[in-house]
Structures are given as C-alpha cells and as structure tokens.
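Chemist: Below is the structure, and that's it, no one-letter string:
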Ligand code: SF4
Ligand code: SF4
C-alpha cells in the first residue's frame, strides 16, 4: 500500500504539520518502533522522543522501516528540558551485593539487554520499563530519577544526530535556555529546527508574559541562526483526555497567536481527536502534536502483536489496519484548509 507524504517545510508553513510524541518514558521499546512506523507510514512529519539513546534507537528502527518501504522519512526530534525536570527513570542496583547463586531473573526479564552480571544496569540501554524491579527476590533494584544536564546536551546530540531538538522551557529560564542552545550547537549537528515548548498552565503567567518569554527565546535562536517551532503546551501531561483538554490547547492558541514571535505554531498538551472540531479559520496556521491519544488508538494492535511475540511491523494485515486508524486521527490535520501568510 502506498501512503502519500507531505513535505515538512510546506506543512510547517501552512499549518498542516503533524508530530507524533512517543517514547516519553516507561514505554516498551518495540512499541516505540511500531508507533513510529505506523504514524510515519500514515504521514506524520516528525516523531518526538525522549533524549535517550535506547529510545532513539527504537524510534529509528521504525523510521527506517518507513524509509525502506515508502521512501519517506519523518524527522526525528528529541526533547530536552532547560530546567530540572525529571528526564527519565532508570533502574539501578549494585551487582557486588547480589548472591552468587542468584539465577539472575532481572537479567532474563530485561527486554533491552540492559543488565549485565558484573556491571549491573547499563544506563544507555535501560529505558525505565520497570520490569526488573519486581523480578528481584531480594528487592535490590531501585528506580532512580535521571536528569539530563544541560552540559550533556552536546554529547547526546552528537551521538543521536537528530533532525531537530525541542527545548522544554518555563518562565524565567532564558539564561538556561541560551545555555541549552549553546550546548546543543556544540555538537555541530546541523539541525532543521529548534522547537520551544512552553505554556501558561502551571506557570502562573498570562499570555502577554508568555509572549515576552517566547520573544526572548526567538531573539536567542536568531542570534545562533536557528529556526524555531513554537509548541504551545495547552495542558501539560494531560494524557490527551476528553473535550476539555482539547479546548485548553486551542484556548492557548487563541490567546497567543497574535502575540507570538515569527515561526510556526504547534498545539500540544491535551490535543486529541476533538481538537480539529475547535479549529476556526483564523487558527489555520497551527500544526499539532499528538501524544497519548495516538498510542491509545494503536494499543489493541500492539497488544495483539505482542501476544504473538511479534512486532506490529511483522504483522502486515494488522499493520495496515493500524495505519488506517492512525490516519483517522491525523488526516483531518494533514488536509485542513491552510493559509500561508508568513
Ligand atoms: S534494566 Fe530494568 S527498567 Fe531498565 S530496561 Fe531493563 S528491565 Fe526495564
Ligand atoms: S535478581 Fe536481584 S539479586 Fe539476582 S542478580 Fe538481579 S539484582 Fe541481583
């Protein structure tokens, strides 16, 4: 089956841009591969995953499938934070205290082969699924929060070589934002965009203050010759539930669209299948990012493939069905009436 793909540049300019957010945390690596393959084949322009090597590797497998089979490849974006937000959870234990006679159930259960007999958990491979924790009869394994520090951005971007990086920022963090940009650019990786994700909810600011924050970041990005995408985080970590959350993202767009700096706007945080119903003519320039709702739609197919010990990409009929479901979510955005005026 052939799936039409739309150019990223024109989609960004016309507001028909669609991004998949997946692999934020504690997701199955095969599921990340499948989600990227399904939504890539369905026509998203970009997938946005956690800045973690294990997750990026899984996402790339899905994107490579799309490229090899359809000849197109969505951008790979990684997300970092210029604050102290928890980046990821990782398992951790001291292998020196494990009894020699232990049959190593932790090692056997780890789907990422992240546990070694002598070295414990390899943090580059662990993606925080948590399966090993209850497997240890002595309860030696713990979850620890992992914060990716700004100084480490450059090295990570060099290793991962993404097409774009998204910086999650918050009011008052312009200095940290600039440090993040500098660290990212030390990698010398040529990025197509640096996206900026910020919202109002939970920050105690209004749209005018948000716009000032965005403008300061715009000036910073221009200084470093980088092009932005403005991700408007309507309701952070909402899980994309219900009509109310869809409205939150649109309300933020309505408040900020006339005040925002130049560059494409993109809705996120609470976006779901209802978001399109709230779009009016003057919202035409905003693209969208789908997170939890995109996963939920495909979940029955992922579960079925798992029961057969397969990835979804290895089940051609189910894979095609999953793409049809994905298209129901994203096609209204890919096809919405667009207006190019910047
Ligand atoms: S080490 Fe534990 S938490 Fe990490 S990927 Fe393996 S099973 Fe999952
Ligand atoms: S199951 Fe527990 S005791 Fe056994 S090797 Fe793993 S961490 Fe050590």
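Modeler: Structure's in. What do you need? Not measured: the values here are computed from a predicted model. Ligands and ions are numbered 1, 2, ... in the order given.

Chemist: buried set for the helix or strand of the chain with the lowest mean pLDDT?
Modeler: In the chain, no helix or strand scores lower on mean pLDDT, DSSP states H and E than helix 242-256, which sits at a mean of 76. Neighbour-count burial for helix 242-256, counted by 16 or more other Cβ atoms under 10 Å, picks out 245-253, 255-256. Placement of C-beta: from N, CA and C, glycine included.

Chemist: next SSE after it?
Modeler: Next helix or strand after helix 242-256 toward the C-terminus (DSSP states H and E): strand 265-268.

Chemist: Show residues contacting the helix or strand just after that following strand.
Modeler: As assigned by DSSP H and E, the chain's next helix or strand after strand 265-268 is strand 286-290. With contact meaning Cβ atoms under 8 Å, 6 or more residues apart in numbering, strand 286-290 is reached by 11-12, 15-21, 45, 48, 231-232, 240, 253, 257, 264-268, 271-272, 275, 329-330, 333.

Chemist: and residue 46, what does it touch?
Modeler: Contacts of residue 46 by Cβ under 8 Å, 6+ apart are 8, 17-20, 74-77, 163-164.

Chemist: Would you mind naming what in the stretch 1-150 of the chain lies close to ligand 2?
Modeler: 93, 98, 102, 104-106, 135-136, 138, 140-141 (Cβ under 6 Å from any ligand atom).

Chemist: switch the cut-off to 5 Å
Modeler: Residues of the stretch 1-150 of the chain found near ligand 2 (Cβ under 5 Å from any ligand atom) are 93, 98, 102, 104, 106, 136, 138, 140.

Chemist: can you tell me how far residue 214 sits from ligand 2?
Modeler: Separation of residue 214 from ligand 2 (Cβ to the nearest ligand atom, to the nearest Å): 46 Å.

Chemist: sorry, back to before: quickly name whichever of the contacts of residue 46 is closest to residue 56.
Modeler: Proximity of these to residue 56 (Cβ to Cβ) peaks at residue 76, which lies at 7.1 Å.

Chemist: Show me what the helix or strand hosting that closest one packs onto, helices and strands only.
Modeler: Assigned by DSSP H and E, residue 76 falls within strand 75-81. Packed against strand 75-81, as judged by 3 or more Cβ pairs under 8 Å, 6 or more residues apart in numbering; DSSP states H and E, are the following elements: strand 46-50, helix 53-70, helix 153-160, strand 164-168, strand 193-198.

Chemist: Pull up the pairing partners for it, direction included.
Modeler: strand 46-50 (parallel), strand 164-168 (parallel) (DSSP bridges).

Chemist: among those strands, which is nearest ligand 1?
Modeler: strand 46-50 (13.1 Å; Cβ to the nearest ligand atom).

Chemist: Can you give the distance from that closest one to the centre of its chain?
Modeler: 3 Å (Cα atoms, centre = their mean, to the nearest Å).

Chemist: on that earlier part again, CSV for the strands paired with strand 75-81, including distance to ligand 1 and mean pLDDT?
Modeler: CSV is the format used below for the strands paired with strand 75-81 (distance: least, Cβ to the nearest ligand atom, whole Å; pLDDT from 0 to 100):
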stretch, distance to ligand 1, mean pLDDT
strand 46-50, 13, 95
strand 164-168, 23, 96
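
Chemist: Out of these, which is the most enclosed?
Modeler: Among the strands paired with strand 75-81, the stretch with the highest mean neighbour count (mean count of other Cβ atoms under 10 Å) is strand 46-50, at a mean of 28.

Chemist: what angle sits between that one and helix 153-160?
Modeler: Interaxial angle, strand 46-50 versus helix 153-160 (axes from the mean of the first three to the mean of the last three Cα atoms, to 10 degrees): 120 degrees.

Chemist: Count residues in the vicinity of the nearest residue in space to residue 161 that is not next to it in sequence, would you?
Modeler: Excluding the flanking residues, the one nearest residue 161 by Cβ to Cβ, 6 or more residues apart in numbering is residue 189, at 5.4 Å. If you count neighbours by other Cβ atoms under 10 Å, residue 189 ends up with 16.

Chemist: Next, residue 189: secondary structure please.
Modeler: Secondary structure assignment for residue 189 (DSSP: H, G, I helix; E, B strand; the rest coil): coil.

Chemist: I figured it was touching residue 162, is that so?
Modeler: Yes. Counting by Cβ atoms under 8 Å, residue 189 does reach residue 162; the two are 7.3 Å apart.

Chemist: show me what contacts the residue of the stretch 201-342 of the chain found nearest ligand 1?
Modeler: Going by Cβ to the nearest ligand atom, ligand 1 is nearest to residue 306 of the stretch 201-342 of the chain, at 15.5 Å. Counting by Cβ under 8 Å, 6+ apart, residue 306 touches 28, 30.
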